[in-house]
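Q: The amino acid sequence is not available; the structure is as follows:
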């Protein structure tokens, strides 16, 4: 029993550390209410914009459910694992800040107080000169297979620099 308590304590400490170190920088574009709550905020779908920090001119828009009520208002509710993503070129040209790895976790944001996180991963398809973005959520113990994918083609005259 004592070993289980230590293991649980270590896992909680690691989760708290991880939650504090990888926070996504997003900007809320809008939200729609999906369910009325008597106390606290309503349940809602939120749309947020994430600018790719290594690719100037590409923004990803993610929509996902946010739980309301008392727990949701104070940040203790666990949001659902479902999310949708659409990334687009939002400038006249796409510019790269350094070389890109073939796969990189670009954004992470917590979806529950300790264990669940939303991920946005950038994949590079060099054959098609395309940036592919994938969103999914994970838990410390068990993740979700629900995901969403989108792609941003880059003109052939602007090859993607790879690491």
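A: That came through fine. Everything numeric in this text was worked out from a predicted model, so none of it was measured. Residues are numbered from 1 along each chain as shown.
Q: Every contact and neighbour count from this point should use C-alpha atoms.
A: Fine.
Q: so where is the chain shaky, pLDDT-wise?
A: Scanning the chain with the threshold set as pLDDT under 70 gives 1-24, 35, 37, 40, 42, 66-81, 110-116, 139-144.
Q: At which residues are the strands of it located?
A: 27-35, 43-51, 55-56, 58-66, 83-89, 95-96, 103-110, 117-125, 130-138, 147-153 (DSSP state E).
Q: Point out the other elements, helices or strands, that the first one touches.
A: Just to be clear, that refers to strand 27-35. Applying 3 or more C-alpha pairs under 8 Å, 6 or more residues apart in numbering; DSSP states H and E, we find strand 27-35 packed against strand 43-51.
Q: Sheet partners, orientation included, of the strand it packs on?
A: If you go by DSSP bridges, strand 43-51 pairs up with strand 27-35 (antiparallel), strand 58-66 (antiparallel).
Q: Pick the most buried one from those strands.
A: strand 58-66 (a mean of 20; mean count of other C-alpha atoms under 10 Å).
Q: ok, residues contacting it?
A: Here strand 58-66 makes contact (C-alpha atoms under 8 Å, 6 or more residues apart in numbering) with 43-52, 72, 79-80, 82-91, 94.
Q: let's see 6 Å
A: Strand 58-66 is contacted from outside by 43-52, 79, 83-90, using C-alpha atoms under 6 Å, 6 or more residues apart in numbering.
Q: Is it possible to mark the buried ones in those residues?
A: Neighbour-count burial (16 or more other C-alpha atoms under 10 Å) applied to these gives 43-52, 79, 83-87, 89.
Q: Cool, thanks, talk later.
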